[in-house]
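Novice: Model the structure of this input:
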Amino acid sequence: MRCTRLTGRLRFLVMHLISRVMLGFILIFTVASCDKASRGTRTYEDQTFGWTLKIPAGMRTKQIEAFAPGSHREGLVIATYSLDDMAGVTAGDLPASAVAFELLYRDDPIVGYEQTGREPHFPLRPRDVVQASPGRDPRRFAFLANGFPFEIVTFIGADATAEDRNAVDEVVRSLRFPALSEGTVAGENFYVLGPARSFPHRSATYFPLNGLPESRRLRRVPFYLVHADKGFYALSAAYGQRPRSCVHLTVNRKRLEFSCPETKARWDRMGRVLESSASREKHQRPLEVLATYISHDNHLLVSPNLTTVGLAATRVERTVWRRKS
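Specialist: I've put the predicted structure just below:
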């Protein structure tokens, strides 16, 4: 009888010990899981432009915005150092052990637009964006995204750890911008057209006013979108001033020459005046070349606000046409 009681008590002690051990494992697992979560990244979404990126745990952030006559900048700074008294990555002397990433929308006269180009694809490659030589001046990377001008500034201190340097690379790779929709307006200057693949090679597609979205920010002009050998460009189909204006500019698609039935004026593929028609039309002017980009998600962007003529059109020609075309 006594042996039975001893055996029962021993069984109870063993079971109690096992339950305590199991509880300890559960507590350890829970703490480890919470600690792992705290070391993870968090996603940041910009409320103005909709871009997102991931912020590594332990890095500090600061939203910045600055206004000046004719200039507006806003964005986010991510860094390993205190940002309380800092206006941005380029402000003041940065610690040798620091790393920093800054993404800014830049609406100022310094920003320049090419007449034809391509927005970068995402994800970005850190080697194209991040400062390559630690300890030197911050590196700047200017680009367009969804028709808006942005700039990334990165700084890698001479004594920065490999972990912190990898963290900046992680931020760069995580950056994303919202997809565009055909028939809308991108940024302050661009119409969003269809995907680039929907326009055949060596084609000239006409976009009338009633096929363009309404926008108080954009000039209302019809245009031709031309798919050249190596890219795209657009020519304004609104020529001249009243009473000698052209109601509907037409195109000879075989020669890629443009003409005005009303005035008999003619232009070549880049909108330059053809001599044979210039002698008949004293006030004939070149057609405007409209800035044209391929967006990060491969939509065509055309701006009637950003235009050029003359020699600049010849520079565009060298970019988009092969010499013997």
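Novice: who are the neighbours in contact with residue 201?
Specialist: 227, 229 (C-beta atoms under 8 Å, 6 or more residues apart in numbering). C-beta here means a position set from N, CA and C on the backbone, and glycine is covered the same way.
Novice: If we use 6 Å, what do you get?
Specialist: residue 227 (C-beta atoms under 6 Å, 6 or more residues apart in numbering).
Novice: what residue ranges in the stretch 151-300 of the chain score low on pLDDT?
Specialist: Scanning the stretch 151-300 of the chain with the threshold set as pLDDT under 70 gives 239-246, 276-283.
Novice: Could I get the full set of helices for it?
Specialist: Here the stretch 151-300 of the chain has its helices, by DSSP state H, counting those that start in this stretch, at 162-174, 275-278.
Novice: and among those helices, the most buried is which?
Specialist: Highest mean neighbour count among these (mean count of other C-beta atoms under 10 Å): helix 162-174, with a mean of 18.
Novice: ok, residues contacting that helix?
Specialist: 53-54, 56, 78, 80, 99, 101, 123-124, 126, 129-130, 156.
Novice: do the same with stretch 136-154
Specialist: 89-90, 101-106, 111, 119-120, 129-131, 155, 177, 186-187, 190, 296, 301.
Novice: Any buried residues in that stretch, and which?
Specialist: 138-139, 141, 143-154 (16 or more other C-beta atoms under 10 Å).
Novice: how about these, which pair is most distant?
Specialist: Largest separation among the buried residues of stretch 136-154 by C-beta to C-beta: 138 and 147, giving 25.7 Å.
Novice: any low-confidence regions in the stretch 1-150 of the chain?
Specialist: In the stretch 1-150 of the chain, residues with pLDDT under 70: 1-39, 85-87, 90-92, 108-112.
Novice: so where do the strands sit in it?
Specialist: For the stretch 1-150 of the chain, the strands defined by DSSP state E, counting those that start in this stretch cover 42-45, 52-55, 60-68, 71-79, 99-107, 116-118, 139-145, 148-156.
Novice: Same list (those strands) but as TSV, adding distance to residue 214.
Specialist: What follows is these, written out as TSV (distance: least, C-beta to C-beta, whole Å):
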stretch	distance to residue 214
strand 42-45	28
strand 52-55	29
strand 60-68	28
strand 71-79	24
strand 99-107	22
strand 116-118	26
strand 139-145	23
strand 148-156	20
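Novice: re earlier: list just the nearest of the buried residues of stretch 136-154 to residue 228.
Specialist: Out of the buried residues of stretch 136-154, the member with the shortest distance to residue 228 (by C-beta to C-beta) is residue 144, at 20.0 Å.
Novice: distance of the closest one from residue 248?
Specialist: Going from residue 144 to residue 248 by C-beta to C-beta, to the nearest Å gives 32 Å.
Novice: Then residue 161?
Specialist: Counting by C-beta to C-beta - residue 161 and residue 248 are separated by 65 Å.
Novice: who touches residue 247 in this structure?
Specialist: With C-beta under 6 Å, 6+ apart, residue 247 has no contacts at all.
Novice: Any chance you could spot the residue sitting in the middle of this structure?
Specialist: The chain has residue 145 as the residue nearest its centroid, 2.0 Å off, counting by C-alpha atoms, centre = their mean.
Novice: Now do it against residue 262, distance only.
Specialist: Taking C-beta to C-beta, one finds residue 145 at 41 Å from residue 262.
Novice: Kindly report the same for residue 46.
Specialist: 48 Å.
Novice: For the spatially closest residue to residue 205 that is not a sequence neighbour, name its beta-bridge partners.
Specialist: Nearest residue to residue 205, sequence neighbours excluded (C-beta to C-beta, 6 or more residues apart in numbering): residue 225, at 4.7 Å. Beta bridges link residue 225 to residue 205, residue 234 when assigned by DSSP bridges.
Novice: thinking again about what came up before, pick the one among the buried residues of stretch 136-154 closest to residue 314.
Specialist: Closest to residue 314, out of all of these and judged by C-beta to C-beta, is residue 144, at 23.2 Å.
Novice: what's across from that closest one in the sheet?
Specialist: If you apply DSSP bridges, the partners that residue 144 bridges to are residue 149.
Novice: Next: residue 105.
Specialist: With DSSP bridges as the rule, residue 105 is bridged to residue 74, residue 150.
Novice: I'd assumed residue 72 was in contact with it.
Specialist: No - Residue 105 is not in contact with residue 72 according to C-beta atoms under 6 Å; the separation is 7.6 Å.
Novice: Just want to check the distance between residue 318 and residue 75.
Specialist: 35 Å.
Novice: the more surrounded of the two?
Specialist: More crowded of residue 318 and residue 75, by other C-beta atoms under 10 Å: residue 75, with 23 against 10.
Novice: Next up, the contacts around the more buried one.
Specialist: Applying C-beta under 6 Å, 6+ apart, the residues near residue 75 are 103-105.
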